[in-house]
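Asker: what's the 3D shape of this:
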Amino acid sequence: MSAFAVAERAADAAPDASARSGGLSGCLFAGALAGPQRTVLRDSGDRVAWCARPAITWTYAAAAEIVGRLARGIGAWRLPAGSRIGLWFSGGAESALAHLAVEASGHLPCAMPAVWDAEQLSGGIEAAGLVAVLTEGRRGERRPAEDLAKAAMRHFGLRYLAAFGPGVPDGVISLDAMALERGIIEPAASLGLVTFADGDPTRPVYRTAAALAAAVEAHLDALPVGADERILTLLPAHDLRGLVTGLGAALAAGAGLETVLPFDETGFRSALLRPVPTRLVVPALIEPALAALPLPWTVRALHVVHRAPTPLTPRPASGTTGPQRLDSLVFGEDAVLTRPGLRDLAATLAYPERAPLPRTLLDLARGADGSLSYRGPACAVAPLPRGEIPDTDTQAWHGAGYRPVLSGGTALGVERA
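Answerer: Now for the predicted structure:
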């Protein structure tokens, strides 16, 4: 097949706006119709050593089938529509499938950091009012399904526990077995999602499906992902930065997502060499180490993700041609600000009124005291109470709690206001 034919098929595979507004699962099912044999999910690294399961490459069609089966199984649980279901994963394809299945079953996915200990896990269950949690049997040296079963003894409202993989203890439903049961359901409209501010189990944050779609669209405005590309990411999808730059961006574009296991340098190097047009997403923390690693020609874009507060120091130009550069600054669980390069990001923070931002999605302003504020559907969030789902205001200005450190008309960093 010619490169032109591949590009034409790639363009046809991107979900339209109506699918994107229906949530991540809506994007998956739209992608399965447009390009069923395209790769959507892939895991890197030594999966057998990490979780005793082989790596699997999922096409859009296969992923949609499994998500539909899982959603049917979850929908058979005796839970009211819109129930809050926790997702406690280290990342990867199974994390994505679980998130999409909870969403498609008509419930509210609540993503929880994999690094939580037993006390934090219990605190998150309590604060978010979870009635079910999905996890994995093994995670390196940890046994999350066993930890979850112990935590459930302290929470009478936690009615269903389920896990992928081997080592699933008694009382925990096998998601592998559920995925083998034939029959799917019509996916429900997405209710949005819940994440935890600064990874704090006492601070769950809610955003609607439309707000997540707006955050992804605002992010992709800086440099759209091609449907022929894969996003190779080192960020797990348990918070806004991981979901927007990874799973959300891939599904919105009809592209693929490949997740590297935590601390797996060998798997990362191997994944880099895969002959696929790639957008590489990395946390700013590892950028110095990455500078010493020659990137293959397949890396079309290097996307560096910073979390406020942080310095923003441009690296000296190497004098060689490299991939396009993207930089994102993440404000807690509120907003992701993405610009084409660190200098552009720094200039945007210094003079937001001059920046060509997608202001109908995410508007940014700097007050007289230098503090940053934002508004728009991309940052419309609210603390999650124990009772009803809260309302969110897309037009209200929200203080970021940060201000840029200015010098010579640019920002050298972002500090707490």
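Asker: Do you have the strands of the stretch 201-350 of the chain handy? List them.
Answerer: Ranges of strands in the stretch 201-350 of the chain, per DSSP state E, counting those that start in this stretch, are 204-207, 230-233, 256-259, 278-283, 299-307, 310-311, 324-331, 335-339.
Asker: Same question for the stretch 51-200 of the chain.
Answerer: So, for the stretch 51-200 of the chain - with DSSP E, counting those that start in this stretch - the strands run 57-59, 84-88, 108-112, 132-136, 160-164, 173-174, 193-196.
Asker: would CSV of those with distance to Leu280 be doable?
Answerer: All C-beta spots, glycine's among them, are computed from the backbone N, C-alpha and C. As requested, the strands of the stretch 51-200 of the chain are exported to CSV (distance: least, Cβ to Cβ, whole Å):
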stretch, distance to Leu280
strand 57-59, 19
strand 84-88, 25
strand 108-112, 22
strand 132-136, 25
strand 160-164, 27
strand 173-174, 35
strand 193-196, 23
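Asker: pLDDT weak spots in the stretch 1-150 of the chain?
Answerer: 1-22 (pLDDT under 70).
Asker: those helices in it, which residues are they?
Answerer: Counting by DSSP state H, counting those that start in this stretch, the segments of the stretch 1-150 of the chain that form helices are 3-13, 17-21, 24-34, 47-51, 60-75, 93-104, 118-128, 144-152.
Asker: contact partners of the fifth one?
Answerer: Counting by Cβ atoms under 8 Å, 6 or more residues apart in numbering, helix 60-75 makes contact with 13, 25, 28-29, 31-32, 34-41, 58, 85, 96-98, 100-102, 104-107, 132, 162, 175, 178-185, 187-188, 254, all of which sit outside it.
Asker: Drop the exposed ones from those and show what's left.
Answerer: 13, 25, 28-29, 31-32, 34-36, 38-41, 58, 85, 96-98, 100-102, 104-107, 132, 162, 175, 178-179, 184-185, 187-188, 254 (16 or more other Cβ atoms under 10 Å).
Asker: Give the burial count for the residue nearest to Leu180 when sequence neighbours are not counted, as a bare number.
Answerer: What sits nearest to Leu180 in space, not counting adjacent residues and going by Cβ to Cβ, 6 or more residues apart in numbering, is Arg69, at 7.7 Å. By the measure other Cβ atoms under 10 Å, the count of residues near Arg69 is 21.
Asker: Which stretches in the stretch 251-400 of the chain count as helices?
Answerer: So, for the stretch 251-400 of the chain - with DSSP H, counting those that start in this stretch - the helices run 265-272, 287-291, 342-350.
Asker: before we move on, the earlier item: any chance of the strands of the stretch 201-350 of the chain in a markdown table, plus mean neighbour count, distance to Val405 and mean pLDDT?
Answerer: As requested, the strands of the stretch 201-350 of the chain are exported to a markdown table (neighbours: other Cβ atoms under 10 Å; distance: least, Cβ to Cβ, whole Å; pLDDT from 0 to 100):
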| stretch | mean neighbour count | distance to Val405 | mean pLDDT |
| --- | --- | --- | --- |
| strand 204-207 | 24 | 26 | 97 |
| strand 230-233 | 25 | 28 | 97 |
| strand 256-259 | 26 | 33 | 96 |
| strand 278-283 | 23 | 20 | 96 |
| strand 299-307 | 21 | 13 | 97 |
| strand 310-311 | 14 | 8 | 96 |
| strand 324-331 | 22 | 13 | 97 |
| strand 335-339 | 25 | 16 | 98 |
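Asker: Now render the ones you listed as JSON lines, adding distance to Ser407.
Answerer: Putting the strands of the stretch 201-350 of the chain into JSON lines (distance: least, Cβ to Cβ, whole Å) gives the following:
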{"stretch": "strand 204-207", "distance to Ser407": "33"}
{"stretch": "strand 230-233", "distance to Ser407": "32"}
{"stretch": "strand 256-259", "distance to Ser407": "37"}
{"stretch": "strand 278-283", "distance to Ser407": "25"}
{"stretch": "strand 299-307", "distance to Ser407": "18"}
{"stretch": "strand 310-311", "distance to Ser407": "12"}
{"stretch": "strand 324-331", "distance to Ser407": "17"}
{"stretch": "strand 335-339", "distance to Ser407": "18"}
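Asker: circling back: and Val414, which of the strands of the stretch 51-200 of the chain is closest to it?
Answerer: strand 193-196 (20.4 Å; Cβ to Cβ).
Asker: so what's Val133 up against?
Answerer: Here Val133 is in contact with 85-88, 112, 125, 148, 158, 160-162 (Cβ under 8 Å, 6+ apart).
Asker: Give me the distance between it and Ala30.
Answerer: As judged by Cβ to Cβ, to the nearest Å, Val133 and Ala30 stand 28 Å apart.
Asker: residue contacts, Gly192?
Answerer: 23, 108, 206-212, 389.
Asker: Just give the nearest non-adjacent residue to it, would you?
Answerer: Thr208 (4.2 Å).
Asker: Okay, that neighbour and Pro390: tell me how far apart.
Answerer: Taking Cβ to Cβ, one finds Thr208 at 10 Å from Pro390.
Asker: Which one's more surrounded, those two?
Answerer: Neighbour tally, Thr208 and Pro390, criterion other Cβ under 10 Å: the higher count belongs to Thr208, 23 against 13.
Asker: looking at it, that one is touching Thr394, isn't it?
Answerer: No. Between Thr208 and Thr394 there is no contact under Cβ atoms under 8 Å: 9.2 Å.
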